[in-house]
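Colleague: Sequence below, structure please.
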Amino acid sequence: MAVWIVVWVILALVTVGVVVAFAVGLAKQGLIVGRSAAKMGEEVGALADEIGRESARASDRMARMSVASRPDRGRR
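Modeller: The predicted model follows:
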């Protein structure tokens with residue numbers, strides 16, 4: 001019976017080792033994804049800010065054009 005106990009202990013240790021290896025690999029991949037997401041956020045954030053400024057500029061210009069095209073509202 002002692003042989004079966006040794007076999008089960010070895011099997012358990014191998015299983016624990018494999019699970020730990022997968023956990024470490026998963027943690028590394030999580031760090032990589034986190035860094036990539038942060039970098040993408042910085043790059044997209046700059047473009048989103050520029051688009052927001054251009055949108056506000058276009059909206060202001062459209063508002064000025066609509067006021068200027070109505071003589072009764074532009075004089076007040």
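Colleague: So which residue is smack in the middle of this structure?
Modeller: The chain has Ala37 as the residue nearest its centroid, 3.9 Å off, counting by C-alpha atoms, centre = their mean.
Colleague: And Val19, its phi and psi?
Modeller: Note on Val19: backbone dihedrals following degrees, to the nearest 10 are phi -60, psi -40.
Colleague: re earlier: quick check: pLDDT value at the residue nearest to the centre of the chain.
Modeller: Reading off the confidence values, Ala37 has pLDDT 95.
Colleague: Ala38 - how many residues pack around it?
Modeller: For Ala38, the count of nearby residues is 10 (other C-beta atoms under 10 Å). Just so you know, the C-beta spots here come from the backbone N, C-alpha and C atoms, and that holds for glycine as well.
Colleague: I misspoke; the intended subject was Ala46.
Modeller: Close neighbours of Ala46, defined as other C-beta under 10 Å, add up to 10.
Colleague: again with Ile51
Modeller: 10.
Colleague: And it, how close does it get to Ala37?
Modeller: 20 Å (C-beta to C-beta, to the nearest Å).
Colleague: where in this protein is pLDDT low?
Modeller: 1, 71-76 (pLDDT under 70).
Colleague: Perfect, I'm done here.
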